[in-house]
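In: Just to be clear, the model below is a prediction. Sequence and coordinates:
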Amino acid sequence: MITFFLPGLFAGGAEAILLRLAAEFSRRGIPCQFVVASSGGVWENRVPTDVQLIHLGSSKPIRAIPALVRHLRSHRPHAVISTVFAANLAAIAACRIARVRCVIREAYWTGEELSGRTRLSTLANRLAVKQLYPRADAIISLSRGLASHVRTLAHI
C-alpha cells in the first residue's frame, strides 16, 4: 500500500498530481490511501472510489504528526509520498518514528518557502530542512536546478 500525505485536498497543482498518481497506482492494482491533516478540501470528491481517504483532524501538518505516526504504525504502508513543504517535514518526522519509507516531492521551492512570520520561525524552518530532508528515503524534484537548490539548502 502507498500512503499519500497532504495538508488537505485543496485545489492546487500538488494535490492534482498526487490524485493522478493514486488513480494510476490503483489502476495498476497497487492499493493506495490519502491521509490529510485537515478535511474540507474542494478536491475530496476527486479521490478515486477505490482509494481510501483518512482525515487526521488537524489544522496543520506539523500538528498531525502524532496521529500520522499512529496511522502509519497501524497500517504499515510500503511508503509515504508527500508534497508541499509543511507536509514534507511532517511526513519525514512521522515516517522516521514509525519506521516507514518516505518519499517527498518538491515542485517549487524558493527562499520564501523557508520564511516564517518571525525570524525565529524562519530559523526553525531552515533547521528543520537541514535536519529532516536528508532523512527522507527519496526526494523527487521537477528539475535539476531545483534538485541542486534543495541539496544546497538541506546540506545533502
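Out: Great, that's in hand.

In: which residue of this structure sits farthest from its center?
Out: Going by C-alpha atoms, centre = their mean, the residue of the chain most distant from its centre is Arg119, 24.5 Å out.

In: Need the per-residue pLDDT for it.
Out: Per-residue confidence for Arg119 comes out at a pLDDT of 82.

In: and if you look at the one 3 residues further on?
Out: Model confidence at Thr122, given as pLDDT, is 78.

In: counting contacts, what elements does the one helix or strand it maps to pack onto?
Out: In this structure, Thr122 sits in helix 119-132 according to DSSP states H and E. Packing partners of helix 119-132 (3 or more C-beta pairs under 8 Å, 6 or more residues apart in numbering; DSSP states H and E): helix 85-98, helix 111-114, helix 144-154. No exception for glycine: its C-beta is placed from N, CA and C like everyone else's.

In: From the chain's centre, how far out is it? Work that out for me.
Out: Its chain's average C-alpha position is 17 Å from that of helix 119-132, according to C-alpha atoms, centre = their mean, to the nearest Å.

In: Show me what the following helix or strand past that helix is in contact with.
Out: Toward the C-terminal end, the helix or strand that comes next after helix 119-132 (DSSP H and E) is strand 138-141. In this structure, residues lying in contact with strand 138-141 by C-beta atoms under 8 Å, 6 or more residues apart in numbering are 102-107, 133, 147, 150, 156.

In: can I get these in CSV with pLDDT?
Out: Below are the contacts of strand 138-141 laid out as CSV (pLDDT from 0 to 100):
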residue, pLDDT
Cys102, 98
Val103, 97
Ile104, 95
Arg105, 92
Glu106, 87
Ala107, 81
Tyr133, 93
Ala147, 87
Val150, 84
Ile156, 85
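
In: Can you turn the buried part of those into a ChimeraX selection?
Out: The buried subset of the contacts of strand 138-141, as determined by 16 or more other C-beta atoms under 10 Å, is captured in ChimeraX by this line:
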select :102,103,104,105,106,133,150
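
In: Tell me what angle the helix holding Thr122 forms with helix 85-98.
Out: For helix 119-132 and helix 85-98, the angle between their directions (axes from the mean of the first three to the mean of the last three C-alpha atoms, to 10 degrees) works out to 50 degrees.

In: Buried ones in helix 119-132, by neighbour count?
Out: For helix 119-132, the neighbour count (16+ other C-beta under 10 Å) marks 125-126, 128-129, 132 as buried.
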